[in-house]
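J.: Give the three-dimensional model of this entry:
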Amino acid sequence: MTLIATKGTQDRGGGSGGEAWRIEVEGQRAGIVFINKIDEPPIGSHASIQIYLNKPNQGRRIGRVAYRKACEASRYDVIYAHMRKSNHASRRAAEEAGFAEDPRPGHPQLLLVWRRRP
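T.: All right, here's what the predicted structure looks like:
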């Protein structure tokens with residue numbers, strides 16, 4: 001699995017402070033992972049990562065590797081992942097990539113955080 005840096009689009013890593021990578025597996029496009037700089041409660045201004053895998057590539061452990069590689073390639077030392085609390089597959093992938101739950105009262109979604117190790 002390889003990440004290829006790309007410009008992204010305005011909402012998918014191409015905006016101010018954003019980063020985006022195309023996910024490739026055996027030379028074929030498997031999806032995209034991107035980071036947007038957003039300003040939302042309860043955190044305020046922060047880097048927020050999202051990943052989208054093509055249907056045939058879901059369930060193949062690609063997401064966990066892509067999460068980790070994107071975080072390591074990013075300029076940000078702290079990155080948050082917001083997801084539905086019922087999205088168990090994404091949660092598992094993010095946690096295996098080094099994300100940990102950041103329980104904030106009143107936040108409707110599951111909030112996970114990744115911190116670069118020194």
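
J.: which residues in the chain form helices?
T.: 62-73, 88-96 (DSSP state H).

J.: which residue is nearest the middle of this protein?
T.: Nearest to the centroid of the C-alpha atoms of the chain, with distances taken as C-alpha atoms, centre = their mean, sits residue 49, at 3.1 Å.

J.: I'd assumed residue 33 was in contact with that one.
T.: Yes. Assessed by C-beta atoms under 8 Å, residue 49 is found in contact with residue 33 at 6.8 Å. Placement of C-beta: from N, CA and C, glycine included.

J.: what touches both of the two?
T.: Common neighbours of residue 49 and residue 33, using C-beta atoms under 8 Å, 6 or more residues apart in numbering, are 67, 70.

J.: Go through the helices of the chain and name the closest to residue 41.
T.: helix 88-96 (20.8 Å; C-beta to C-beta).

J.: What residues sit buried inside that closest one?
T.: For helix 88-96, burial by neighbour count (16 or more other C-beta atoms under 10 Å) applies to 90-91, 93-95.

J.: Thank you kindly, that will do.
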